[in-house]
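Participant: Sequence and predicted structure, then a few things I'm wondering about:
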Amino acid sequence: MARTPSPGSLVLGQVSGAADLADGVIDLIATGALADGDRLPSTRALAEQAGLSRGTVVRAFDELAAAGFVAAEHGSGTRVSPGAAQAARAGARTRGGGDGTSSSSPVVEPRVGRSPRDLRPGIPDASLVDERAWRAAVRAAAAEGLAGLNPWEEPSPTLRSALGAHLRRHRGIAEADPLLFDSSRSAIAALCAAFVAGNGPVSFHMEDPGYRGARLMAHEYGLRVRFHLADRDGLDPARLGDAPAIVFTTPAHQFPLGHRMSVDRRVALVDWARRTGSLVIEDDYDGEFRYGVAPLPALATLPGAAGHVAYVGTSSKSVAPDLRVAWCLAPVALRREVEKWLAVHRRGPSSLPADALGEFMASGAMDRHLARAARVYSDRRSRLVAALARECPGLEVTGVEAGLHLCVLLPGCDDDEVVRALERSGWRTRSLSSQASRHAVSGLVLSYARLRARDAREFAAALRTVLTAGDSG
């Protein structure tokens, strides 16, 4: 028969908070001191007995109710739920044990990221991010609560505002009104779809070797991909013809060879796009990082670029790919179609990471992070270049002026076999030929973002051993 124990009859032991109180009530249910259907004392009476605030008791009752141990009935108070005793005796609790685990749940190891011996490009060193500043940004974003909005329809105003100031300071782009995406690939796909909607299927020009993600997005929209052998000065507009087309380029640090597009080619490419009614997609994936060279202007800042250059950026290289936040400055004539694509495909970033990144930028933490990261990356780059020169003299190294990776050219070598040999000795790398479609170039694409000083020497020595073995074979 259900009963209502008096507060004094509930022997709870020492409790110091809502979690302790919830655990104490479950222990009483497990031992039979409280039975299914029993009515619990009022929150006020229990608070007096336990020496806790009433709010703390309310939170404990809420926790017990959420886990199904008790149920609040209007006019009848709070009672132990049917089946609660069996569950409590079986070891069920409202949360894991004191060590953060439960007997039925696997131990979850913390994420550690890639090994420092993994030199494949694309991942920055997230440990360089100031944890206190990032956590403060996340707390500030979370304090805003849930807005109940679709992020692709109502993108983060915090991030859009902060991005405008960030792009003005770091890339010289004034009055930026960015559209937000979950990745640069999504932004490229949206731009292709928007241009095709007004022009029909067109050619898609890109450098080779080049970014495979852009090639995949072009194929997805039925575009005729035209590959141009990567040039140290960047794409030559004289090769592009006179028909409207889409050009994809990474002018600040050509992916993967790392060349910087010359000023003459930049101006000529914008003039060509304006003359032919074409679209240039400028992917500025790691443009914040430069080493000992003057910044070259973004294509989007050049005269005549406003109607023909779409600027794409991402937080994947400057902060971490975990965020899945990218942005696009679309030409005015294409903006509506790009927004339609976002609404249909729903590829905007989640609101919380977008808001947190906006807070991180607005607080000044992003500027401090970029300054610190640039110093660290510059040192790691210099150590790798010096180690390669010492251990493998005569090899040509490209792309050292900017970004987070460089290339080592290996003419006459099977670079895929070199990659396999290095992996057998504990190093993960990427072949340069794997980034090409028509114009294969042999070499290695190497990220130095997480490369420790001693590892630079060891890697260069390992590469020398592999190349020497190949020569002798």
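Facilitator: Ah, there it is.

Participant: where do the strands sit along the stretch 351-473 of the chain?
Facilitator: With DSSP state E, counting those that start in this stretch as the criterion, the stretch 351-473 of the chain has strands at 397-398, 405-409, 430-431, 443-447.

Participant: Pull the residues that contact the first one.
Facilitator: I take that to be strand 397-398. Residues external to strand 397-398 that are found in contact with it (Cβ atoms under 8 Å, 6 or more residues apart in numbering): Leu257, Gly258, His259, Val385, Leu388, Ala389, Leu406, Cys407, Val408, Leu409. All C-beta spots, glycine's among them, are computed from the backbone N, C-alpha and C.

Participant: Give the buried residues for stretch 256-265.
Facilitator: Across stretch 256-265, burial judged by 16 or more other Cβ atoms under 10 Å covers Pro256, Leu257, Gly258, His259, Arg260, Met261, Arg265.

Participant: brain fart, stretch 387-406
Facilitator: For stretch 387-406, by 16+ other Cβ under 10 Å, it's 387-388, 391-392, 395, 397-406.

Participant: Mind checking which of these land in helices?
Facilitator: Ala387, Leu388, Glu391 (DSSP state H).

Participant: Now distance to Val309 and pLDDT too, for those residues, in TSV please.
Facilitator: Shown next, in TSV, are these (distance: Cβ to Cβ, whole Å; pLDDT from 0 to 100):
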residue	distance to Val309	pLDDT
Ala387	38	97
Leu388	35	97
Glu391	42	96
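
Participant: Check those against Ser127 and report the nearest one.
Facilitator: Of all those, Ser127 sits closest to Ala387, with 21.8 Å by Cβ to Cβ.

Participant: can you tell me how far that closest one sits from Leu444?
Facilitator: Using Cβ to Cβ, to the nearest Å, Ala387 is found at 14 Å from Leu444.

Participant: quick one, what contacts the most centrally placed residue in the chain?
Facilitator: Centroid-nearest residue in the chain: Pro321, 2.0 Å away (criterion: Cα atoms, centre = their mean). Counting by Cβ under 8 Å, 6+ apart, Pro321 touches Gly122, Ile123.

Participant: Do you know the pLDDT at it?
Facilitator: Listed pLDDT for Pro321 reads 93.

Participant: Next: Pro106.
Facilitator: On the pLDDT scale, Pro106 gets 57.

Participant: Do a quick rundown of the strands in the stretch 151-300 of the chain.
Facilitator: For the stretch 151-300 of the chain, the strands defined by DSSP E, counting those that start in this stretch occupy 179-181, 203-208, 224-229, 245-249, 279-283.

Participant: Any chance of TSV for the contacts of strand 397-398, columns distance to Arg215?
Facilitator: Rendered in TSV, the data for those read as follows (distance: Cβ to Cβ, whole Å):
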residue	distance to Arg215
Leu257	16
Gly258	19
His259	18
Val385	29
Leu388	29
Ala389	33
Leu406	22
Cys407	19
Val408	23
Leu409	22
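
Participant: among the strands of the stretch 151-300 of the chain, which is nearest Ser315?
Facilitator: The nearest among the strands of the stretch 151-300 of the chain, by Cβ to Cβ, is strand 179-181 at 10.6 Å.

Participant: counting contacts, what elements does the closest one pack onto?
Facilitator: Here strand 179-181 touches helix 184-199, strand 326-329, helix 332-345, going by 3 or more Cβ pairs under 8 Å, 6 or more residues apart in numbering; DSSP states H and E.

Participant: Report the strands that pair with it, each with its relative direction.
Facilitator: strand 326-329 (antiparallel) (DSSP bridges).

Participant: Could I get the average pLDDT for the partner strand?
Facilitator: 97.

Participant: Can you give the distance of it from its chain's centre?
Facilitator: 14 Å (Cα atoms, centre = their mean, to the nearest Å).

Participant: which other residues reach it?
Facilitator: Contacts of strand 326-329 (Cβ under 8 Å, 6+ apart): 163, 167, 173, 176-184, 186-187, 190-191, 300, 310-316, 338, 349.
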